[in-house]
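> The following block contains a protein sequence and its predicted model.
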Amino acid sequence: MRAMILAAGLGTRLRPLTDDRPKALVEVAGHTLLEITLRRLREFGIREVIVNVHHFAGMVVDYLKKNDNFGMRIEISREDVLLDTGGGLKKAAWFFLEEGRADEPFLVHNVDVLSTIDFRRMAEVHKQNRALATLAVQDRETSRYLLFDEQQQLCGRRAGSGQEPEIVRPSKETQALAFSGVHVISPRLLSRLAEGGVFSIINSYLRLVGDVFHQKHVDELVEIGLDALGLIDVSIDRDRHARDLGLFRAPHRQRVNVESAPAE
C-alpha cells in the first residue's frame with residue numbers, strides 16, 4: 001500500500017509556528033509532524049509515500065534528505081501554486097498508477113493530523129466493500145461538517161452550526177460529522193476527478209454523489225456507517241483520538257465506519 005501526505009498548505013492555523021517553516025516541520029514533543037506521520041505509516045507496512053510541498057518546500061526536501069527519507073521511498077510533488085486537496089492528489093496521481101499498482105488502494109493523510117486510526121483495518125474494510133473512497137470521521141465540533149442521511153450515506157455538507165446546508169442528495173434527516181483528514185482511496189477515483197487546477201477533494205466526493213442521484217443509478221456512493229456496524233474503530237477519547245492540530249477541539253468518543261457502497 002502506498003500513501004500521500006498532504007503537506008503543501010500554508011499552516012495559517014498554526015501561526016506563528018509556521019512563520020519560518022512549513023507545517024510539516026512543526027514539532028510535537030521533539031518530533032516533526034512529518035516524522036510522526038511517516039513513522040505511523042511505517043507501522044502499517046507502508047514504505048512508499050509521495051508528499052506534496054509548497055510553503056518552504058526546500059526545507060521539507062532538505063529535511064527528508066538529511067534523515068535519509070526515514071528508510072522509505074519518498075517522492076516529492078512540488079506545487080508552484082497551492083492546488084488544494086483535490087488538485088494536489090490529481091497532480092500526484094501518476095504515483096498511484098505506476099505499473100502493477102493501478103488496482104491497489106492508497107492512503108491520503110493530512111500532515112497536521114495526529115491519530116491512532118487503524119489504517120490496516122480501514123484498508124481491509126475498504127477492499128471488502130470495493131469502495132471508491134473510505135473516510136475517517138468524528139462526532140465533534142467543527143467549522144465544516146459532512147452530512148449523512150438515515151441510510152448513512154453522504155448527502156451534503158454544512159459550514160458550522162446554524163448555516164444553510166449544501167445538499168447534493170435530498171434526505172429527510174441528516175447527521176453532521178467532522179472529517180478527520182484521513183482517507184483510503186481506490187485508484188479508479190482518479191479518472192473521475194473531472195475538476196482541474198485548484199479544487200477540494202470533498203467537492204469531488206459531493207459532485208460524484210450528486211451525479212449518482214441525478215442519474216437515478218446507484219453506482220458508487222461515499223458512505224458512513226456508525227457503531228452498530230462495528231467495522232472501523234476510531235475510538236475518540238482522551239487517549240485514542242484523531243485530532244486536527246489547527247483546531248484543538250475537545251475530543252469525543254465515537255466508533256465509526258466509513259466506506260462507500262460497493263461498485264456494480
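Received, thanks.

> Which parts of the stretch 101-250 of the chain are strands?
Ranges of strands in the stretch 101-250 of the chain, per DSSP state E, counting those that start in this stretch, are 106-110, 113-114, 133-138, 145-148, 154-158, 166-167, 175-185, 222-226, 243-244.

> Mean neighbour count added to those, as CSV?
Backbone N, C-alpha and C define where each C-beta goes, glycine included. Compiled in CSV, the strands of the stretch 101-250 of the chain are given as follows (neighbours: other CB atoms under 10 Å):
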stretch, mean neighbour count
strand 106-110, 24
strand 113-114, 18
strand 133-138, 26
strand 145-148, 23
strand 154-158, 23
strand 166-167, 15
strand 175-185, 22
strand 222-226, 23
strand 243-244, 20
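
> Lowest average pLDDT across the ones you listed?
Ranked by mean pLDDT, the strands of the stretch 101-250 of the chain bottom out at strand 243-244, with a mean of 38.

> Relative to residue 26, how far out is the residue nearest to residue 192 when sequence neighbours are not counted?
Nearest residue to residue 192 in three dimensions, chain neighbours excluded: residue 208, at 6.4 Å (CB to CB, 6 or more residues apart in numbering). Residue 208 sits at a distance of 33 Å from residue 26 (criterion: CB to CB, to the nearest Å).

> what about these two, which has more around it?
Remark: of residue 208 and residue 26, residue 208 carries more neighbours, 23 against 17, as counted by other CB atoms under 10 Å.

> Is it correct that the more buried one is in contact with residue 132?
Yes. Contact criterion CB atoms under 8 Å: residue 208 and residue 132 qualify, at 7.5 Å.

> Which strand or helix spans residue 42?
Using DSSP states H and E, residue 42 maps to helix 33-43.

> Would you mind pulling the contact partners of that helix?
Contact partners of helix 33-43, identified using CB atoms under 8 Å, 6 or more residues apart in numbering, comprise 3, 5, 7, 23-28, 49, 51, 60, 63-64, 67, 70-72, 74, 107, 109, 111-115, 119, 245.

> redo that, cut-off 6 Å
When contacts are defined by CB atoms under 6 Å, 6 or more residues apart in numbering, helix 33-43 is touched by residues 3, 5, 24, 26, 70, 109, 111-112.

> swap in stretch 170-181?
By CB under 6 Å, 6+ apart, stretch 170-181 touches 110, 113, 136-140, 142, 145-150, 155, 242.

> burial measure for the closest residue to residue 102 other than its chain neighbours, as a count.
Excluding the flanking residues, the one nearest residue 102 by CB to CB, 6+ apart is residue 187, at 5.4 Å. For residue 187, the tally of surrounding residues (other CB under 10 Å) stands at 16.
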